[in-house]
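In: Kindly return the folded structure for what I paste below:
(chains A and B)
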Amino acid sequence: DTEVTQTPKHLVMGMTNKKSLKCEQHMGHRAMYWYKQKAKKPPELMFVYSYEKLSINESVPSRFSPECPNSSLLNLHLHALQPEDSALYLCASSQGLTSGRLTVAKNIQYFGAGTRLSVL
Amino acid sequence: SQQGEEDPQALSIQEGENATMNCSYKTSINNLQWYRQNSGRGLVHLILIRSNEREKHSGRLRVTLDTSKKSSSLLITASRAADTASYFCATAPNAGGTSYGKLTFGQGTILTVHP
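Out: So this is what the prediction gives:
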């Protein structure tokens, strides 16, 4: 099973709402990622979790709050978003975070289909 | 910040033709990967080339890497309509610490293959 599942597929929310995006993988991967992607642009890294601990936060505004309850689940809690936060949010996972020659394949990331978020 | 630049930004070809996309990057890398993204969907990993490799093949894909020029190319041979997608290069840094696992994506090439 090489699948990363993201829910919901689409989400429309107002600027005062609180919502959560969910991501799940059962590949035994120990690194999980959140990306934001605007139309016709590359994915931009937001957060990286390694062994359920936050490893990288790319200076993301606090209205985005990640959570990794266990090694298979990754959530992104949304609060007081702005219209410019409308985008495709992608979750990814990889075996681990290493850079040794023998383990470089662990850098390969498996992506979910994304959540299309619209903030009104 | 996105360090990869890809060219062309868009490429339109006929089925059966070859498609070549180029990627340039700025910093020292551990490996370079290519991903495909169908419209509005997630990315799919295609191929990975290590910094000490110069060429790699996988089916109809051929990737080259020139670390002296900090550039890579992806060649898709005998293209099919199903190859229509956006293609992104992504670099994994050679630095230590918290950079591990961080992929930086290029701007992407939109490939359209006409039947």
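In: Okay, strands next: where are they in the chain?
Out: Using chain A. A:4-7, A:10-13, A:18-25, A:31-37, A:44-50, A:53-57, A:64-70, A:73-79, A:87-94, A:110-111, A:115-119 (DSSP state E).
In: The intended chain is chain B.
Out: B:5-7, B:10-14, B:19-24, B:29-37, B:43-50, B:55-58, B:61-66, B:71-76, B:85-93, B:104-105, B:109-114.
In: Give the closest residue to residue A:43 in space, chain neighbours not counted.
Out: residue A:35 (3.9 Å; C-beta to C-beta, 6 or more residues apart in numbering or on different chains). In this view, the C-beta of every residue, glycine as well, is placed from N, C-alpha and C.
In: so that neighbour makes contact with residue A:46?
Out: Yes. The pair residue A:35 / residue A:46 is scored as a contact, 6.1 Å apart, by C-beta atoms under 8 Å.
In: partners of the lowest-mean-pLDDT helix or strand in chain A, with directions?
Out: One helix or strand of chain A scores below all others by mean pLDDT, DSSP states H and E: strand A:53-57, with a mean of 90. Counting by DSSP bridges, the strands paired with strand A:53-57 are strand A:44-50 (antiparallel).
In: quick one: the partner strand to strand A:87-94, angle?
Out: 30 degrees (axes from the mean of the first three to the mean of the last three C-alpha atoms, to 10 degrees).
In: Name the residues that touch strand A:44-50?
Out: A:30-37, A:54-58, A:60, A:64, A:66, A:68, A:74, A:76, A:96-97, B:2, B:101-105 (C-beta atoms under 8 Å, 6 or more residues apart in numbering or on different chains).
In: Got a ChimeraX select line for the buried ones in these?
Out: Applying 16 or more other C-beta atoms under 10 Å in any protein chain shown to these, the buried members can be selected in ChimeraX as follows:
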select /A:30,31,32,33,34,35,36,37,55,56,60,64,66,68,74,76,96,97 /B:2,101,102,103,104,105
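In: where does chain B come near chain A, residue by residue?
Out: B:2, B:4, B:30-31, B:33, B:35, B:40-45, B:48, B:50, B:88, B:92-94, B:96, B:98, B:100-108, B:110 (C-beta under 8 Å from any C-beta of the partner chain).
In: Any of those residues buried? List them.
Out: Counted by 16+ other C-beta under 10 Å, the residues of chain B next to chain A give B:2, B:4, B:30-31, B:33, B:35, B:41-43, B:45, B:48, B:50, B:88, B:92-93, B:100-108, B:110 as buried.
In: Any idea which of the strands of chain B gets closest to residue A:22?
Out: Among the strands of chain B, strand B:43-50 comes nearest to residue A:22, with 18.8 Å by C-beta to C-beta.
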